[in-house]
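Novice: The sequence isn't on hand, but the structure is:
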Ligand code: PMV
């Protein structure tokens, strides 16, 4: 057994199809080059101590001591670690350090990435883990946060790249025919995915016919987006992002600040821009033509007083060691 091990896992964006995916539609996700790195160290005591940028806690069975948010934020990580320790019949504790450069709570998949990296670093203390097994265990841990999680965030964080996902067909990789120059901007407004999913559900129940028309449109956008990505047709991708954003506004998950950031991006040359993830604040994603345009867009958004960063698609997924 090693005395320490490190693993890192990337953030994600939803390029197309959020919300409608809940009702069986496809979605397209990509992992991006922002990561969470986890270091696991063996300990002489029998507790599991977890420290992240936003919480810290010392876990021993059902008991936790530490910051106020330790239970909510770190329990899933603890439960994943504990399972591995039980399986390996390891009776001593561990120290887990989580470092993140993924903004938290705006739909960029930080909780999934932390689950993937924590499971992987813990397994790595004992043996070289299999990625699929890490992913499955991370999904179980993440379900303690998002009960009905599709598992897509953990999947993309483990395997990297771009995926096309639907509940009935599962995951398939998409090969991009061109580099994507992406800007992510943060509205500064934290969202609750659960609340937004519920509000869309009640809208759907009030407007079944209209909602089913939008669902068909969202399905068509995803299909055309997949072809555009494969063909490397980034102008078409941008146009489809704009089309997708119209639907997200109709279902009430955009936000004034998101609309403002999207407008700044488009005015400054973005080929397309939309809310990414649950919305109601959170983050937006903009697609630029090239590197220079990407930095110009990010620069303008920062000048307007918001956090923005330039991103690339990450093809590594989980990195061990
Ligand atoms: O903001 P996020 O990353 O939690 O995205 C949620 C995506 C939804 O489609 C709104 C919900 C879901 O479970 O797919």
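Specialist: Received it, and whenever you're ready, just let me know what you need. From a predicted model like this one, the values you see are computed outputs, not experimental measurements.
Novice: quick one: which helix or strand includes residue 154?
Specialist: In the assignment (DSSP states H and E), residue 154 maps to helix 152-159.
Novice: Residue 12 too?
Specialist: Taking DSSP H and E as the criterion, residue 12 maps to strand 4-16.
Novice: buried stuff in that strand?
Specialist: Neighbour-count burial for strand 4-16 flags 5-16 (criterion: 16 or more other CB atoms under 10 Å). All C-beta atoms are positioned from the backbone trio N, CA, C, and that covers glycine.
Novice: just the strands in the stretch 101-250 of the chain please.
Specialist: 162-166, 170-174, 181-186 (DSSP state E, counting those that start in this stretch).
Novice: nearest to the ligand, of those strands?
Specialist: Of all those, strand 162-166 sits nearest to the ligand, with 9.0 Å by CB to the nearest ligand atom.
Novice: So which elements touch that closest one?
Specialist: Helices and strands touching strand 162-166, as assessed by 3 or more CB pairs under 8 Å, 6 or more residues apart in numbering; DSSP states H and E, comprise strand 27-42, helix 152-159, strand 170-174, helix 208-231.
Novice: ranking those by burial, who's on top?
Specialist: helix 152-159 (a mean of 27; mean count of other CB atoms under 10 Å).
Novice: contacts for the helix holding residue 154?
Specialist: Residues outside helix 152-159 that contact it (CB atoms under 8 Å, 6 or more residues apart in numbering): 9-12, 21, 27, 29-31, 109, 111-113, 115-116, 131-132, 134-135, 138-139, 142, 163, 165, 171, 173, 317-318.
Novice: ok, which of those residues also contact the ligand?
Specialist: For the ligand, the contacts drawn from the contacts of helix 152-159 by CB under 6 Å from any ligand atom are 21, 109.
Novice: Excluding residues flanking it in the chain, which one is nearest the residue nearest the centre of the chain?
Specialist: By CA atoms, centre = their mean, the mean C-alpha position of the chain lies nearest to residue 109, the distance being 2.2 Å. Distances taken as CB to CB, 6 or more residues apart in numbering put residue 12 closest to residue 109, at 3.8 Å, once the chain neighbours are dropped.
Novice: and the one you found, bridged to which residues?
Specialist: Counting by DSSP bridges, residue 12 forms beta bridges with residue 31.
Novice: Look up how far residue 299 lies from it.
Specialist: Noted for residue 12: a distance of 24 Å to residue 299, by CB to CB, to the nearest Å.
Novice: farthest pair in the buried residues of strand 4-16?
Specialist: 5 and 16 (35.8 Å; CB to CB).
Novice: Just give the number of residues close to residue 180.
Specialist: By other CB atoms under 10 Å, 20 other residues sit near residue 180.
Novice: hmm, I was thinking of residue 281
Specialist: Using other CB under 10 Å, residue 281 has 25 neighbouring residues.
Novice: now the helices: where do they sit in the chain?
Specialist: 70-87, 110-124, 131-142, 152-159, 193-206, 208-231, 234-250, 256-267, 291-303 (DSSP state H).
Novice: Out of those, which is the most enclosed?
Specialist: Using mean count of other CB under 10 Å, helix 110-124 ranks as the most buried of the helices of the chain, with a mean of 30.
Novice: what's the burial count for residue 279?
Specialist: 30.
Novice: Could you show which parts of the stretch 1-150 of the chain are in contact with the ligand?
Specialist: 18-19, 21-22, 107, 109, 150.
Novice: Closest to residue 65 out of those residues?
Specialist: Closest approach to residue 65 among these (CB to CB): residue 109, at 28.5 Å.
Novice: My guess is the closest one contacts residue 102. True?
Specialist: Yes. Using CB atoms under 8 Å, residue 109 is in contact with residue 102, at 7.2 Å.
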